[in-house]
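Peer 1: Sequence and predicted structure, then a few things I'm wondering about:
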Amino acid sequence: MRYMLLIYSDERVREAQWREQRQQVIAQAQGFIEETIRRGLFKGADPLEPTSTATTVRVQNGKVLLTDGPFAETKEQLGGYFILDCKDLHEAVEWASKIPLTCGGGTGCVEVRPIREMRSTA
């Protein structure tokens, strides 16, 4: 089953740390990706631009309404994701605990969610 590992952290803290630890963070993330590729789990990953670049789309009474910024003001923001094909939730949680810059460093956490398979009608 595929799982999406959503990485949440405080953007301001993350960006400050990112400047100081850029090479270390890149190496840790690359090591994580290489390990999941080697084990046949890796399906995709991408960091996201800051929430200041976000646009929220709502449709009300047939009108499209756009708002600059994220959907909700929160202490932690979605910063990126991994998609892994794991045998079960236990394995997905195990991999989530290995993602650099997560709860252990006090800079955020990882939400693990199963991906619902969509069947093609074509």
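Peer 2: It's in.
Peer 1: quick check, residue 92 in a strand?
Peer 2: No - checked against DSSP: H, G, I helix; E, B strand; the rest coil, residue 92 lies outside a strand; its state is helix.
Peer 1: confidence score at residue 21?
Peer 2: For residue 21, the pLDDT comes out at 75.
Peer 1: got the contact list for the most centrally placed residue in the chain?
Peer 2: Closest residue to the average C-alpha location of the chain: residue 81 at 2.3 Å, with C-alpha atoms, centre = their mean. When contacts are counted by C-beta atoms under 8 Å, 6 or more residues apart in numbering, residue 81 touches 4-7, 44-46, 48. (Each C-beta comes from the backbone N, C-alpha and C, glycine too.)
Peer 1: which residues sit in contact with the closest residue to residue 44 other than its chain neighbours?
Peer 2: Nearest non-adjacent residue to residue 44, counting by C-beta to C-beta, 6 or more residues apart in numbering: residue 83, 4.4 Å away. The contact partners of residue 83, taken as C-beta under 8 Å, 6+ apart, are 2-5, 42-45, 115.
Peer 1: and with 10 Å instead?
Peer 2: 2-5, 36, 41-46, 115 (C-beta atoms under 10 Å, 6 or more residues apart in numbering).
Peer 1: now residue 77
Peer 2: By C-beta under 10 Å, 6+ apart, residue 77 lies in contact with 7-12, 14, 48, 50-52, 54, 70, 108.
Peer 1: and residue 37, how many neighbours?
Peer 2: For residue 37, the tally of surrounding residues (other C-beta atoms under 10 Å) stands at 11.
Peer 1: ok now the least confident helix or strand in the chain by mean pLDDT, how far from the chain's centre?
Peer 2: Least confident helix or strand of the chain, by mean pLDDT, DSSP states H and E, is helix 11-38 with a mean of 82. On the basis of C-alpha atoms, centre = their mean, to the nearest Å, helix 11-38 is displaced by 13 Å from the centre of the chain it belongs to.
Peer 1: Against residue 118, how distant is the residue in the chain sticking out farthest from the centre?
Peer 2: Of all residues in the chain, residue 61 has its C-alpha farthest from the mean position, at 32.0 Å, by C-alpha atoms, centre = their mean. Going from residue 61 to residue 118 by C-beta to C-beta, to the nearest Å gives 28 Å.
Peer 1: Done for today, thanks.
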